[in-house]
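Novice: sequence? don't have it. structure:
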């Protein structure tokens with residue numbers, strides 16, 4: 001099993017959940033750093049993974065999706081400077097902990113995770129995707145796991161519909177139809193989550209639906225009689241949205257010779273980072289325990 005961590009989710013979670021009066025000697029906030037380091041240390045102690053990668057988002061406005069649709073994620077405010085600085089520190093910690101960490105200017109963390117999922121699948125290695133982001137559910141196949149660490153817990157392929165309403169293979173189509181306000185994806189006007197779910201339960205996929213628009217009136221959903229024309233009128237909107245909601249699984253990722261295997265933590269670098277951030281002994285001792293667990 002390989003474990004692929006959607007790091008940005010947990011950096012943001014720490015930033016908004018940890019006290020913002022946690023600061024270093026210069027008054028710089030370190031709440032996101034502290035929370036992320038504790039999460040990653042807890043994860044390593046609990047799981048003891050033999051294959052792991054920590055993937056970060058690099059930009060909210062420069063991915064290939066912005067080239068397709070400039071308004072992609074345009075509704076989001078830029079990360080404040082104090083959070084950007086902590087993102088860099090979180091990456092330093094993941095690297096010093098001996099883990100493969102990476103980002104890419106044109107690909108999001110989702111795409112890096114998708115690429116590693118597919119590479120693992122080709123080599124017979126299942127994946128556990130550690131995230132809270134429903135978009136990544138589309139990557140899950142039988143044998144894989146969607147793990148909302150410290151949240152919903154582990155979700156298998158067969159359980160995905162219970163949590164997200166559709167099968168993994170339908171998640172990108174669902175988001176293309178219903179839209180995704182978080183990413184500023186409009187989808188088809190007037191199509192909500194319930195209608196999108198009903199359409200995909202009936203037709204299976206976006207392509208099948210658009211190949212059978214004359215049968216849309218048969219779907220057991222409110223307004224079915226006029227739904228076919230609405231979908232026809234906004235076909236290009238749906239197809240554009242589908243380009244944005246699908247995860248690219250061909251992102252360039254440079255891996256060391258050790259691949260996704262953890263290497264021995266660099267406790268000197270970890271302590272230097274913690275000195276800089278004014279972080280005390282609890283996380284240092286945890287890093288030492290992680291080092292003891294790492295095969296030499």
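Specialist: Ah, there it is. Keep in mind that this is a model prediction, so the values were computed, not measured. Numbers count the residues shown, from 1 in each chain.
Novice: how much space is there between residue 63 and residue 197?
Specialist: From residue 63 across to residue 197, the span is 27 Å (C-beta to C-beta, to the nearest Å). C-betas here are computed from N, CA, C, even on glycine.
Novice: more crowded one of those two?
Specialist: Taking other C-beta atoms under 10 Å, residue 63 and residue 197 do not tie; residue 63 has more neighbours (22 against 19).
Novice: ok, that one - contacts?
Specialist: When contacts are counted by C-beta atoms under 8 Å, 6 or more residues apart in numbering, residue 63 touches 72, 105-108.
Novice: Let me know whether residue 126 touches residue 143 as I believe.
Specialist: Yes: if you go by C-beta atoms under 8 Å, residue 126 and residue 143 touch, sitting 4.1 Å apart.
Novice: Could you grab the helix/strand/coil label for residue 118?
Specialist: Recorded secondary structure, residue 118: helix (DSSP: H, G, I helix; E, B strand; the rest coil).
Novice: That one against residue 249, yeah?
Specialist: Yes: using C-beta under 8 Å, residue 118 is in contact with residue 249, at 4.4 Å.
Novice: Would you confirm that residue 128 contacts residue 43?
Specialist: No: judged on C-beta under 8 Å, residue 128 makes no contact with residue 43 at a distance of 10.7 Å.
Novice: what ranges do the helices span in the stretch 1-150 of the chain?
Specialist: 7-17, 31-47, 64-68, 81-96, 109-122 (DSSP state H, counting those that start in this stretch).
Novice: Throw the ones you listed into CSV and include mean pLDDT, thanks.
Specialist: Listed next are the helices of the stretch 1-150 of the chain as CSV, based on pLDDT from 0 to 100:
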stretch, mean pLDDT
helix 7-17, 93
helix 31-47, 95
helix 64-68, 90
helix 81-96, 94
helix 109-122, 96
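Novice: Would you reformat those helices as TSV and include mean neighbour count and distance to residue 192?
Specialist: Formatted as TSV, the helices of the stretch 1-150 of the chain follow (neighbours: other C-beta atoms under 10 Å; distance: least, C-beta to C-beta, whole Å):
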stretch	mean neighbour count	distance to residue 192
helix 7-17	20	25
helix 31-47	21	34
helix 64-68	15	23
helix 81-96	18	32
helix 109-122	21	24
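Novice: Just put the ones you listed in CSV and tack on distance to residue 169.
Specialist: Below are the helices of the stretch 1-150 of the chain laid out as CSV (distance: least, C-beta to C-beta, whole Å):
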stretch, distance to residue 169
helix 7-17, 23
helix 31-47, 27
helix 64-68, 20
helix 81-96, 31
helix 109-122, 13
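Novice: Out of those, which is closest to residue 163?
Specialist: helix 7-17 (15.9 Å; C-beta to C-beta).
Novice: name the helices or strands packed onto that closest one?
Specialist: On a contact count with 3 or more C-beta pairs under 8 Å, 6 or more residues apart in numbering; DSSP states H and E, helix 7-17 meets helix 31-47, helix 81-96.
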